[in-house]
Structure formats: C-alpha cells, structure tokens
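Peer 1: generate coordinates for the sequence data below:
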Amino acid sequence: MGNVRTLGKRTLSLEVAETFRIASAYAALAWLSELLAVPPDLVIAFFPAAGFALGLTLIRGWRCLPGIGLGWLVFITWHIYQRTGTFGPEHFLPAGITALGAMLQAALGAWLIKRYGEYPSPLDKPRTLLQFLFLAAPASCLTGASIGMLALAPAGLIPMEKLADYGFNWWLGDTLGVLVTLPLVLIWQGQPARLWRARRYTVGLPLLVSISVVVTGFVIVREVEQEYRFGQFEDDALSIAQTMQTALNLRGEMLHGMANFISSAPEVSEAQFRANAGRLMERYSALHRVVWAPGAGTGGSQRGKAGAGRLRMPVQYAQAPDGPVHETGTDLAAIPELRWLIEEARDSGELSAGAPLRLQSEKGNRLALQLIIPVTRGGVDGGSVAERRRAFLGALVATFDIDTLVRNAVGLDKRRRVQFSLTESSPAGSMALLYRSSESNLPRTWAAVNTSFDFGGKTYLFSAVPAEEFGGGQLSWRSWWALSGGMFFAAMMAMYLLQISGHSYNVEREVAHRTRELDASRDQLRTSLGMLRVLVEGSSTFLCVRDTKSRFLYVNREYADMIGWDKEDLIGRSLEEVFGAESAGRDIATDREVLQGAANVREEIELQAANFPGLRTFMITKSPLFHEDGTLYGVCIVGVDITQEKREKEKQRENMLMLQAVMESTSSAVYVCDPDGNFLYANRRFEMLLNLPSGMLVGRNVRSIFSEAVAQEYLDHFHRVCSEGFSISEEVLHHDQTRPLIHLFVRSALRNESGVVYGICGVGTDITRFRRAEEALHELNHQLVATSALQLAILNSTNFAIFSVDMTGTLRAFNVGAQRMLGYSEEEMVGVQSPVVLHDPDEIMLRAQQLSGELDMHVRPGIDVFFAKPGRSLVDEHEWTFIRKDGSRLPVMMSVSALRNEALEMVGYVAVAYDLTERKKIERMKDEFISTVSHELRTPLTSIRGSLGLMVGGMAGELSARAVSLLSIARNNCDRLTRLINDVLDAERIRSGHMNFHMLTCDLRALVEQAITATQPYAQQYQVEFEFEPPDDDIIAKVDSDRILQVMVNLLGNAAKFSTPDSTVRATLSRSEAGIRFAVIDHGCGIPEEFRDRIFQRFARADASATQQKGGTGLGLSISKSIIERHYGHIGFYSEPGVETEFYFELPLAPVELALLPQPSPALMNPAGDGAAAASPAAPVAGALDQPPAAPHVTEAEA
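Peer 2: Okay, here's the model as predicted:
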C-alpha cells in the first residue's frame, strides 16, 4: 500500500512538472509572437503557440490542456499589462475565458483531425494534406478567435469598432501559427515515427530556414516603416506647436492694437470701448472677456494726473460676448495675482500672461488664459522703468478660453491624430497645466515629442503623443504583408515538402509490398472469379449466354427461375427446345442481328415470369461475345426488371397532366416562354387576358402578339431573368371586354437538372381590387387628417390629465387638462421633464415592490415602474398621488397603456389620470362610519356571545332542546357578525397602515397542517375533505405565522365553501423559482370571467344570489392580498369554470427583514389624509390576532 501511495505521489509530481514545462514553452512561443507584432496597434500576425498547442494535444492527448491554459494565462496577463499598464480584478474573467478558448481550440482541432483527417497519416496526397491542414488551422482557429473577441470586447480591452479587424487578425495569426509550427511539432514527436523523423532534414530544416528569412525581413521592414511613421508624427506635432505659438502671438498683437487705440484717444467712451471689444470678440471666438482698468496711485497717473498712495486699478469698462459685464469700480490691484502681473507688464512695457484659471460656464469648468497689456501715454514702450511708470495710463485684461482657442487654431484632423498638452513653466520652476486633450490608448511604443516656446513672459512646454486615430488611420500594411505573406509562403512550402516526402515514403512501401502482392495475385484472381460467380448468381438481374446457334452456354439462377427451368437442364438446349419454334423465332432473329452487326441491341419486352404474378417489363441488352482472336462465339443477354421504373414514369406523366389541369383551372394567368420569346405554354386565363382564342399562343413569338415596344419590354425582362437568375415583378395594365384590370406578373427562370436556364415562367395575379382598396384607404387618410383638429380640441377640452412618455422616460405630450390639474405649462414639461417628478418617491418605491412580486421580475424604482405592465401588453390602472407645481398633493386614478409603432414595437406609453379628491372624501366618510360602527358593535357582541355561550353550556339551568337549538343559532350568527367586524377592522388597519407584522422563523408545513385542522369542521358542513401533499423536507421561512395562517385558512375555507359535496380539496406546499409556493385546488363552480379583474378588491362579490347563499363579507381576499404583499410575495389564481380552480401565493425563499427594507410612508398608506397616523415599528401591534382564526370566512366569489 505504501509503494502504491509513493508511486501515485511521484506520478502526480511528474504530471505537475510536465504541465509547467508545457506552460513555459507555450508562454515563450506566445512571447515570441509579441516580439513579431505589427505596429502601431501591435497586431499579432503570427502566433506559433497555437500550432504548438494543437500538435502537442494531437500527440499526447487531453492531459496537455492544463499546461496550455496555464501558459495562455501567463501570456495574456503579461500582454494586458504591457498594453494598459495595469492588470486588475476586472481582467480576471476575460483572461480565464480566453484561456478556456485556447484549450478548446487545441482540443477541437485534435478531435477534428483524428475524426476526419485520417491521422496518423503520411500526408502524401494533396487532398489528404489539404484536409488535414484545413481542419487543423482555419476550421479550429475560429474557436479561439471567436471566444477571445467575445471575452475581451465587453471588458474594454478591444475597441468595439475594431472588433472585426481584431477578430480576423487573431484568426489569421493562429492559422499561420498552426500551418507553420504544426509540421515542426509532428517532426519532433509525430506518428508514424520513422516517417516523421526522416522529414527532419527534408522538411524541418528548409522550413526553419524560411522562417528565419521571413522574420529577418519582417524586422527590417518594421524598423524602416516605424522610423518613417514616427517622422510623420513628429512633423504633425511640431506643426501643432508652431500653430499654437502663432495663435497666441496673434492674440497678443490684437491686444496691442486695442491698447494703442486707447492710448491715442483723448478720452475713450464706453460706446467706443464696447464697439472695439465687440469686433474683436466676433473675430476671435475664444475671447471670453475684455476689461479696461485705468491706473491710479504710486508710480502711475490717470490721464496725466499723478496720484498718491498705493496703486489702484478700478475697472471702468468690461465686455463679454453676450454684452457688457457690470464690474465697474472693482479694484484689480486689490487682487494679489493680478497686481503682480499688472506691475510686471507696466514695468516691462510688454504683454504679461497670467497663470491658468478656471471659467464657470454652461459647458462646465474650463481652463482660460489671462493676458495683461499695459496702456501708456503716447504708446511709450521704451525708456527706463521710471519713464514707463510715469506714462502708465492703465491696463487691458483679456481672458481667453483655451479649449476654444485650440479648436480654432488646430484642425480637427490633427487633433484626432495627435494628443498633446500645453503646460506653463514659471521661472520659479512650478508647472501649471494649460491644456490637455484626452489620453491616447495606443501601446506605448513611440516616444513623445516635446518642445517649448516663450509668450507673455512665460515659457510654455508642448508635449505630444500619437492618438489612437493616428494609429488606426496608418496601419502598417507593409510589415503585416511581410510577415503574413512570408509565413504563408513558408506554410505552402511545408505542405509541398510534406507531400513530396510522403510520396517518397509511400513509394518505398509500395516497392516493399509489390512482390508479396504479385505472389498472391493468382489466389486473389481465383477468389475474384468465385466472388463474380456469387455476384452473378445472387443478382436480381437475369443473365444468359447463347452460342451462334442459340444454344444456352450459361444461365444464372434468376433466369432459370424466371422461365421455370432447372439451371442444369438449360445448358446445351436451344431456344426452340425451351420455348418452342414459334415463341423462339423473335429471340433468334435478334441474336442474328447482334451477331451480324457485332453491336449491342437494346429492347423493352414484357414477359410472364414464372416466379412473379402478372406481366413484368424488362430492358434487354444483347451484346456480342468474342474470342481472343476476335471471332464471334455467342451472345450475352442481360435483362433488368424495369416494371417499377415504368410505373413511376407513368405516374409522373399523370402528375404532369394533373398539373396542367390545375394551371388551366387557376385564376392566375400563367405562361412559359423560351429565352427567345417563343411561347411554350399558356393557360386559358392568360389567353383571355390578351383577348385571344384558345390555343393561339403556343408556338408564336411575342413580336407577333404585341406591339414592338411591348414585345421589346418582354424580351428585356426575359434577358434579365436568364442572366441574373432572379425573379422580376411588374404590374401590367390590361383591358378586358368590360373594364381595365391590373395584374402583378412575377417572371422566374426555369432550369433543367444541370442548372441551365431553358425558359421563363410568368404568373400574373389580378390585384385590381387591392389597388382600388389602396385608393379608398388614401381617401380615408384624407378624412382622418380633416378630423384631427376636432380630435385635438376634444383632447384639450377634457378634464382628464393625458400625457405621453417616450422610451427614454421623457414627456412628449401634456394636454390642457394636465396643465390645469398640475399647474405646469406644456413648455415646462414636454421634452424636458420625466413623469417621475409628478410622483412621491416613496409611492414609486412601494409600487416597484408590488410589481416585482406581481410580475415575478425585478422592477427598479423610477420610470421602470410605469413601463413594467405596458411592456407586457397589460393596462396598468393604479391610484397615485400627484404633486402639483405648488407642492400640494392630489389623489388620482391613472391608467397607463403602451404606445406601439407599425411594427408593434413599444415606443412609449400614454397615461390618463382623473381627480379622486371627491371620491376619497366619500370613501373616508364611509370608512370612518364603518370603523366607528364596527368598534361600537364589537363590545356588545362580545357580551352577547359570552352570555349565549353560558346559557348553552347550562349556566342558566337546563334548557329544552328547542331552546338550545335557537340559542346555538343565535351564537353562530354572533360568531359570523364578529368575523365580519374583524374583517372590517383588519381592512381598515391595512388601509391606514396600522397593521404590524411579527416576523419569526417557522415551519410552513406545520402551519399548513394547523390551517387544515382549523378549517376541517367548517369543511364538514359542505361534505368536503382536505388532502395535503407535504413536501419531502421541511420548508423554513421567516414570516408572521398568525397572518400567513389567516391567509391559508381563508383560501381553504373558500375552496370548501364552493366545492361540490363529497369532493376533495387539495393543498400543496413546494419550492418554486420565486421561493415558496402554497396552493389550494378545488373542483367547484370557478371564477366568472367578468369578475376576475376585481376579485382582490374590497367588498367585491361575484353573483349576489350565490354569495348570499354562501355568506361572506367580500374582504377576505383583499386582506389576504395585503398580507402576502407585506411579506413581499405574490398571490394569484387560475380558474376553469366547472373544472378546476387554484388559488396560490408565493413567498421569497430567503428570510425577509421588514425593518431593513424601505417601508411606505403614512401618507402612502393613507393618501386621503384622514388623519390616521402610521404605526411606529416599535409600537405594539394594534388589533393583532391573539389566536389563529377558528374558521374561514371569505368566499371564492368575493374580492
């Protein structure tokens, strides 16, 4: 035992070591393909690891697959990291899927080759070799490429717009890798070993040399092309940098011009300033703001008047593209950054550029550049600093939107091809980003282009990298063709060498076996003759040989049986001896004809065969027989029974006659012409269409029937049908004797068995009525357009709120009634708002939970709530609370229906809502009345019931039997009235939100048994038995057991009440896809169709006469529905009247913590605002059942 365990561990360790060796070799070959990738996208055009994996799987079997998958995981991890710079958890799934694809590709290729490629095989024949390589490469490689694309594209590792290109290159790289590498792997360890090892020098060495030449050539071409493409990119990048510098200098010159204008004018008015600034902004859209601030204070003057104290720069004028900016009086010198820039510009006399700042605009946060130009008296720029300070009048401050400036200066094509950034470098060494386009997704194979330029006293650094558009638009086709074409040539050379070497191998084997085959040829000949005799004797074809005098030399068993003779008795007898002189005369004559003409004679005859009843038809072939010297010695007669074939031909002829009769009786006009326009067939309907007598068309040409123009049109159509092979449809107008007729003619090509077109079949259908119907429909459309204005007026005059919503959740229509009801205008809502703004969020959340249970699907809170039912072609009618524009709340009943286009695709929904305020007031008064009456009746009823119970129990002395019966009736009616009051109070608690639930873990199977026990006495009144099908195991759930028991008792009681006597009600408890399912099935009267939509409504009852006989309040199912929905479940039913009815509810399988789930607000539970407060989660349950109900009290016909 110890030796076995040690051997098992050693075998496992060897397998693990082998797996790691295969993975290392696979990863190394994959890494080699990465080195040979085609720039700039680094497309892998040659993947030798695929051929290695397939060859290894073909030789060693499926145990190599783990090593292949591990090797792929190593490679793809490194590959993704190289391309993206990272490898995170989001890459685990696509990497694993592609690893499975690599393993499946190798396994599928090996299976296909073994199944259909005749492996192991010498591969010496072109067909076998092509079949082997096709299954190995193009066929199996589709698997890895398809799985790889489906895994990497959703993960964002492959652009969706390049999915087809990447998929093709993946497939081609694997295909070339298999075609080139697989022969090398087979030479290494292929079978038969003697053949493949002999190919090391005849195939392997030349293949390796050719691969080396191709790789060398590819590397040279790739380097040359890479240098050329980088030069192109560098030219584009430097051109953009020069353009940016020129654009900035141009804006500086523009500001200098405006400064000269201000300095030259005695006094600049606001109108002059705004006119000049407006012209500049019209010309330069990037100019965001221009501010003129005259200087005052130390070192400066204001129009020649020296100031005193510190420098002040109050804004006098400010202009933006959309008009004046009210910043008058703002002191720019009070801003430290601006003061420093203004002083720098004043002292230098040159334009000064500020640090990048952010603009707040409708387009978001955008970077801007602030330029300050000093304005001096008389345009003084030179001189000392003191002179410039004395001549200083003020400063122009201009703000430019950098993004707009770049877009205006740099063309879209260059921005797509080059990703660049512009950074300000201050003398202090700090860096500030001024502009950056989006980052490039290209592999990091090219260096960035960096340059700099000076502007406004600052140095700006320009850096550029190639954009994805640059790479995608300049695919390295030379490198791709150099590698792909070279590898394809190497693969073709390998195929040729494999075929030559295989052929040589087969020749050697053939020579070795030829001697043995020649020695065995005599025995084989004897065997063949014996087999021929067996074949002739066992054939169903009769055969006989007669000499020149019509004597039988040989007959097979079939001939002897056919004429009723023994085979041995026929040999040597003449025809006259067998058949008689009169019957044999014709056969003797045909024998002589064959002998005289030395040629075959075929004839069809009917014979009465002895071994078959009735006449049989035979095709007889008589052939002359010659000796080796060429002299005739007899006739060979071969007869084939063609009785069945002849019957089939007769049946076909009858079918053709039947088809011709159908063509004559059809209402369509049918004709057949040859390509030259000669009529081969025309039914009577077509002849009548042309007003021609019967039989006048066949054999005539279209030119003799129609005018030259019409005949030429027919011939042109015939030519198109014959040349293109497609059917042509055309509407043709004909006139019969009474009215014009429109026919739709379809002309189709007729082909023989060889596929050659020999004619054209035309079939014409009368569409006159269809065209007249179209005209009538067109007229009807005009009438509909005429009435649209009336419909619009009716729509706007209604008091209902009507609005429509598209599939994006945006309002597309908002009628006048909705505007009056909600206070919003059409402009505020249509195309701008979603209907969600009209609803309470808590109400939407509650409705989403209800619909999720009702439709057995997850409905997200939001606009999906309104699409859930219409999306299933259902009308969603539900009470909602609208929130008006002024914040007030309005209860409405809203019906939502789907809007569909001509293709019946849902394009949105339409909602119709009407005000429920008055109805809510009436309902509130009714509910208050019912609640008050119920509470007031409950106490005296309890006393009455207790007193009656004591009297029946004998506390008041012994009573007569009649008195006990009357008191029992009274007590039962008290119980019934008590249940009615309890139902009313439960319904009121649910409506007002006062019913709380205590969620505890319990066994639902025990709960069902408890419900059946509680309901059994009630069912016995109707002579009904219960049958429970318990589940195999316990079903545990977290529920309010009292409330769920109440629902079960209600459903069981309903089923018993409406079942026929002596029947059985079946209850089931099981697990379902939704969770836990409880169902009650009875065979009673069922649910009427017209009552099903409102069966779960309060006080709803089906047939008044039936429910009065059975009793009930009409509240039980409504209460049950509310209880199940508060457990986040679903209740429903199926009913076939008079056959079977099933009521069921489903609860989530996982425990539901009500405290952790969002609860509806009291306003939702009490939308009419009747003042009832919502129950606190920590408060005791108001009016909760102390015990499970003793008997059911809800009928199946009640809502």
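
Peer 1: in what helix or strand does the residue nearest to residue 825 when sequence neighbours are not counted lie?
Peer 2: Distance criterion C-beta to C-beta, 6 or more residues apart in numbering; nearest residue to residue 825, sequence neighbours excluded, is residue 819 at 6.1 Å. Any C-beta I mention is one placed from the backbone N, CA and C, and that applies to glycine too. Assigned by DSSP states H and E, residue 819 belongs to helix 816-822.

Peer 1: the residue nearest to residue 825 against residue 828, yeah?
Peer 2: No. With contacts defined as C-beta atoms under 8 Å, residue 819 does not count as touching residue 828, sitting 9.1 Å away.

Peer 1: for the residue lying closest to residue 1079 once chain neighbours are set aside, phi and psi?
Peer 2: Using C-beta to C-beta, 6+ apart and skipping the chain neighbours, the partner closest in space to residue 1079 is residue 1144 (3.8 Å). Geometry field for residue 1144 lists phi and psi as phi -140, psi 160, criterion degrees, to the nearest 10.

Peer 1: just the mean pLDDT for the helix holding residue 819, thanks.
Peer 2: For helix 816-822, mean pLDDT rounds to 86.

Peer 1: how about that helix: buried residues?
Peer 2: Judged by neighbour count (16 or more other C-beta atoms under 10 Å), helix 816-822 contains these buried residues: 816, 817, 818, 819, 821, 822.

Peer 1: do the same with stretch 251-262
Peer 2: Of the residues in stretch 251-262, those buried under the neighbour-count criterion (16+ other C-beta under 10 Å) are 251, 252, 254, 255, 256, 258, 259, 262.

Peer 1: would you turn the residues you listed into JSON lines with secondary structure?
Peer 2: As requested, the buried residues of stretch 251-262 are exported to JSON lines (DSSP: H, G, I helix; E, B strand; the rest coil):
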{"residue": "251", "secondary structure": "helix"}
{"residue": "252", "secondary structure": "helix"}
{"residue": "254", "secondary structure": "helix"}
{"residue": "255", "secondary structure": "helix"}
{"residue": "256", "secondary structure": "helix"}
{"residue": "258", "secondary structure": "helix"}
{"residue": "259", "secondary structure": "helix"}
{"residue": "262", "secondary structure": "helix"}
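
Peer 1: for residue 236, see how far away residue 416 is.
Peer 2: 11 Å (C-beta to C-beta, to the nearest Å).

Peer 1: C-alpha coordinates for stretch 125-142, PDB please?
Peer 2: Provided in PDB are the C-alpha atoms of stretch 125-142 (Å, rounded to 0.1, in the frame of the first residue of the first chain):
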ATOM      1  CA  LYS A 125      -1.800  13.100 -51.200                       C
ATOM      2  CA  PRO A 126      -2.800  16.700 -51.900                       C
ATOM      3  CA  ARG A 127      -6.400  16.000 -50.800                       C
ATOM      4  CA  THR A 128      -5.400  14.300 -47.500                       C
ATOM      5  CA  LEU A 129      -2.800  17.100 -46.800                       C
ATOM      6  CA  LEU A 130      -5.300  19.900 -47.600                       C
ATOM      7  CA  GLN A 131      -8.000  18.300 -45.500                       C
ATOM      8  CA  PHE A 132      -5.500  17.800 -42.600                       C
ATOM      9  CA  LEU A 133      -4.300  21.400 -42.600                       C
ATOM     10  CA  PHE A 134      -7.800  22.900 -43.100                       C
ATOM     11  CA  LEU A 135      -9.200  21.100 -40.100                       C
ATOM     12  CA  ALA A 136      -6.000  22.000 -38.100                       C
ATOM     13  CA  ALA A 137      -5.900  25.700 -39.000                       C
ATOM     14  CA  PRO A 138      -8.800  27.700 -40.500                       C
ATOM     15  CA  ALA A 139     -11.500  25.500 -39.000                       C
ATOM     16  CA  SER A 140     -10.300  25.000 -35.400                       C
ATOM     17  CA  CYS A 141      -8.800  28.500 -35.200                       C
ATOM     18  CA  LEU A 142     -12.200  30.100 -35.500                       C
END
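
Peer 1: and the contacts of that stretch?
Peer 2: Residues external to stretch 125-142 that are found in contact with it (C-beta atoms under 8 Å, 6 or more residues apart in numbering): 50, 54, 105-106, 108-109, 112-113, 116-119, 121, 123, 171, 174-176, 178-179, 182, 491, 495, 498-499, 502.

Peer 1: pretty sure residue 398 belongs to a strand, no?
Peer 2: Yes. Going by three-state DSSP, the assignment for residue 398 places it inside a strand.

Peer 1: check contacts around the closest residue in space to residue 1063 that isn't next to it in sequence.
Peer 2: Using C-beta to C-beta, 6+ apart and skipping residues adjacent in sequence, the residue nearest residue 1063 is residue 1083, 5.5 Å away. The contact partners of residue 1083, taken as C-beta under 8 Å, 6+ apart, are 1059, 1060, 1063, 1139, 1140, 1141.

Peer 1: show me what contacts the fifth one?
Peer 2: Neighbour list for residue 1140: 1081, 1082, 1083, 1086, 1134 [criterion: C-beta under 8 Å, 6+ apart].

Peer 1: got the phi/psi numbers for it?
Peer 2: Per-residue torsions, residue 1140: phi -160, psi 140 (degrees, to the nearest 10).

Peer 1: residue 667 and residue 744, how far apart?
Peer 2: Distance of residue 667 to residue 744, computed by C-beta to C-beta: 13 Å.

Peer 1: try residue 399
Peer 2: When C-beta to C-beta is the yardstick, residue 399 and residue 744 sit 71 Å from each other.

Peer 1: same deal with residue 1054?
Peer 2: Remark: distance between residue 1054 and residue 744 (C-beta to C-beta) = 61 Å.

Peer 1: all set now, cheers.
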